[in-house]
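Engineer: Structure for the following, please:
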Amino acid sequence: MQNTWKHTKHQKLLRSISDILNNRLFDAWLPTETVNCLLKTDLFDESLTDGLYPLLSKHANSVVGIDTSEAVINSAKQRHPQLDAVISDVRHLPFAAETFDVIISNSTLDHFRTSDDIIVSLTELKRVLRKDGHLLITLDNYTNPTVFLRNRLPFEWLNRWGIVPYYVGATFGARRLRQTIETLDLTVVEVTSFWHFPRIFLVAMASIVDKYFSDVFKQKFINSVLAFECLSKLSTKHLTGQFVAVKAIKRF
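Structural biologist: From the prediction side, this is the model:
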């Protein structure tokens, strides 16, 4: 994890694009009224950039973040001193039942080895979510062909070739994620997929643009990548999106 964190720190353009896409999604999905307490299930983004914290702090009186890495926690706290950061595994949360009004889990649960870990995590997130609270979750989209192929190939090969700098685990497609969340008696409000520019090409291209091109060209590159998000309006969105996203509410 430490090596992954150091490696990713240098992917400035890629991190900027990631922040923009995540902020767009959650800005549209967060409750309009200010909530009391919000949980974010990892702090990787906030340890490297602004991440989601500036947005979340506008929507909640208190923002709590967890992560399994002390280095990530420390870096996130340096960037965001008001953040309440706790070292914790999402499968075993150190919080009382019905603590949070909103829980945001963006690409956290897709780093476990088995789908059972995802289900255990979702069950734990439901436990700490208050009645009428919002669960906003994203995962690597298993029905995206590149994600499907990546997860079928040996991680050791992909890591050695520099294609995947961090461990990627089991994940779900849109249908299975929705069904799993509904099985936990959460009401699914919306399902979508996003990040439609092929990530395998974006990683390489962003690295080159970041290193050799001007700020003006970088912005044009970002705009070109964001233009692909129009694909989220099509019926094929769950094939082209890198991530699947679900908004759900705990009714009882």
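Engineer: ok, and for stretch 226-238, which residues are buried?
Structural biologist: 228-229, 231-232, 237-238 (16 or more other CB atoms under 10 Å). Every C-beta, even on glycine, is put in place using the N, C-alpha and C of the backbone.
Engineer: could I get those as JSON lines with secondary structure, distance to residue 244 and pLDDT?
Structural biologist: What follows is the buried residues of stretch 226-238, written out as JSON lines (DSSP: H, G, I helix; E, B strand; the rest coil; distance: CB to CB, whole Å; pLDDT from 0 to 100):
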{"residue": "228", "secondary structure": "helix", "distance to residue 244": "16", "pLDDT": "98"}
{"residue": "229", "secondary structure": "helix", "distance to residue 244": "14", "pLDDT": "98"}
{"residue": "231", "secondary structure": "helix", "distance to residue 244": "14", "pLDDT": "98"}
{"residue": "232", "secondary structure": "helix", "distance to residue 244": "11", "pLDDT": "97"}
{"residue": "237", "secondary structure": "helix", "distance to residue 244": "9", "pLDDT": "98"}
{"residue": "238", "secondary structure": "helix", "distance to residue 244": "7", "pLDDT": "97"}
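Engineer: could the residues you listed go into CSV alongside distance to residue 206?
Structural biologist: CSV is the format used below for these (distance: CB to CB, whole Å):
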residue, distance to residue 206
228, 14
229, 16
231, 19
232, 20
237, 22
238, 24
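Engineer: For residue 22, state which of these is nearest.
Structural biologist: residue 229 (12.1 Å; CB to CB).
Engineer: mean confidence score for the lengthiest strand in the chain?
Structural biologist: The single longest strand within the chain, with elements called by DSSP state E, is strand 129-140. The pLDDT scores in strand 129-140 average 98.
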